[in-house]
Structure formats: C-alpha cells, structure tokens
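K.L.:
Okay, structure incoming, though there's no sequence with it:
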C-alpha cells in the first residue's frame with residue numbers, strides 16, 4: 001500500500017472529474033476495499049456496542065425496579081409478621097358469660113362462696129369493650145380472700161379489680177364486695 005501516493009492523488013481530486021476518480025479507484029482498488037471494510041467494521045462495532053449499552057442500561061433499570069419491589073415485599077412481610085405477633089400478644093377475648101364462669105372457677109379453687117352476683121354489663125368504647133361485674137362473697141379467712149383477688153388480677157385475661165371492700169366477722173370469716181372490669185380489644 002502506498003499511502004503517500006494515494007494521499008497525493010486524493011488531494012488532487014479537487015480538480016478531478018469522474019473519469020479520473022474511476023482511474024484512481026481502479027489503481028488502488030485493494031486499498032479502497034480494505035479502507036471500506038475497516039470503516040464498515042468500525043461502524044458495525046460502534047452500533048453493536050451502542051445497542052449493547054442501551055440493552056444493559058434497560059436491564060439494570062429493570063433489575064433496580066425488581067430489587068425495589070422485592071424490598072417492598074420483604075418490608076410488607078415483616079410488617080405482617082410484626083402485626084401477627086402484636087395480635088398474638090393481645091389478651092384473649094372474653095365475653096360476659098365466660099367472665100362469670102372464670103370468676104366462679106377461681107372462687108371454687110379458693111373455696112370462696114359467692115352469695116350474689118350483679119350481671120355483667122358490656123360497654124362498647126369504640127376500639128375496645130369494657131365488661132363490669134360486681135359480686136358479694138365470703139372467705140374463710142383474710143389470706144384466702146387476698147389469694148383469690150390476686151388470682152383474678154393475674155389472670156391471663158385483662159381483668160382488673162376496680163374496687164373491693166370487706167369486713168372480718170368474729171370467727172375469722174371475711175365478707176367482701178368486689179367490682180371487676182375486663183377490657184376486650186377489638187381485633
């Protein structure tokens with residue numbers, strides 16, 4: 001390849017006509033073909049690389065979106081799990097009849113005699129219900145009465161002794177009045 005000769009002929013092309021241009025091209029046919037192939041190959045590589053870059057960017061964009069969605073799903077699952085744990089930590093539900101039965105069972109356990117029972121009254125407070133029960137009872141001694149009242153307050157259900165009063169008779173027997181409330185959270 002004689003590039004100097006080709007270069008000088010190309011610079012003199014300003015004054016050439018089609019016949020002279022054809023003559024120069026036929027003389028340097030191999031060089032022109034090689035130059036066209038090199039330029040064509042470079043153009044092809046450029047377009048392929050550009051297409052590859054676009055596809056890579058699109059793929060990275062999709063991967064980012066999928067990762068964001070996976071993160072959101074994981075956060076949602078964690079929140080649901082936390083909510084389930086929170087709900088399981090809430091006290092067990094108890095209705096009016098179950099509350100009266102529970103108090104009766106505790107009374108039997110500590111040999112407390114319940115002489116009268118005011119019916120359970122439920123009040124809806126919006127997010128929770130409150131059930132109130134009052135009763136008159138008797139115990140053999142002060143210690144038994146206190147164990148019974150502690151059992152009520154330490155119950156697995158959300159029970160609270162709102163008020164109690166009592167007096168001890170001459171034989172050691174204790175008569176007392178208790179007002180209990182239970183809170184039931186709506187789920």
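P.N.:
Sure, I can see it. Treat the numbers as computed from the prediction; the structure is a model and nothing was measured.

K.L.:
Geometrically speaking, which residue is the centre of this structure?
P.N.:
Central residue of the chain (Cα atoms, centre = their mean): residue 79, 2.1 Å from the mean position.

K.L.:
quick one: that residue from residue 86, how far?
P.N.:
10 Å (Cβ to Cβ, to the nearest Å). (C-beta placed from N, C-alpha, C; glycine too.)

K.L.:
same check, this time on residue 24
P.N.:
From residue 24 to residue 86 the distance is 87 Å (Cβ to Cβ).

K.L.:
same deal with residue 76?
P.N.:
Distance of residue 76 to residue 86, computed by Cβ to Cβ: 15 Å.

K.L.:
how distant is the longest helix belonging to the chain from the center of its chain?
P.N.:
Taking DSSP state H as the criterion, the chain has its longest helix at helix 29-89. Distance of helix 29-89 from the chain centroid (Cα atoms, centre = their mean, to the nearest Å) equals 28 Å.

K.L.:
ditto for stretch 88-107
P.N.:
The chain centroid and the centroid of stretch 88-107 are separated by 32 Å under Cα atoms, centre = their mean.

K.L.:
Now do the helix or strand residue 122 falls within: which elements does it pack against?
P.N.:
According to DSSP states H and E, residue 122 maps onto strand 113-124. Judged by 3 or more Cβ pairs under 8 Å, 6 or more residues apart in numbering; DSSP states H and E, the packing partners of strand 113-124 are helix 96-109, strand 128-139.

K.L.:
Name the residues of that strand that are buried.
P.N.:
Buried residues in strand 113-124, counted by 16 or more other Cβ atoms under 10 Å: residue 120.

K.L.:
which SS class is the closest residue to residue 164 other than its chain neighbours?
P.N.:
Counting by Cβ to Cβ, 6 or more residues apart in numbering, residue 164 lies nearest to residue 178, which is 4.5 Å off, once chain neighbours are set aside. Using DSSP: H, G, I helix; E, B strand; the rest coil, the structure places residue 178 in strand.

K.L.:
Do I have it right that residue 178 meets residue 139?
P.N.:
No - if you go by Cβ atoms under 8 Å, residue 178 and residue 139 don't touch, sitting 11.0 Å apart.

K.L.:
Identify the contacts common to these two.
P.N.:
Counting by Cβ atoms under 8 Å, 6 or more residues apart in numbering, residue 178 and residue 139 have no shared contacts at all.
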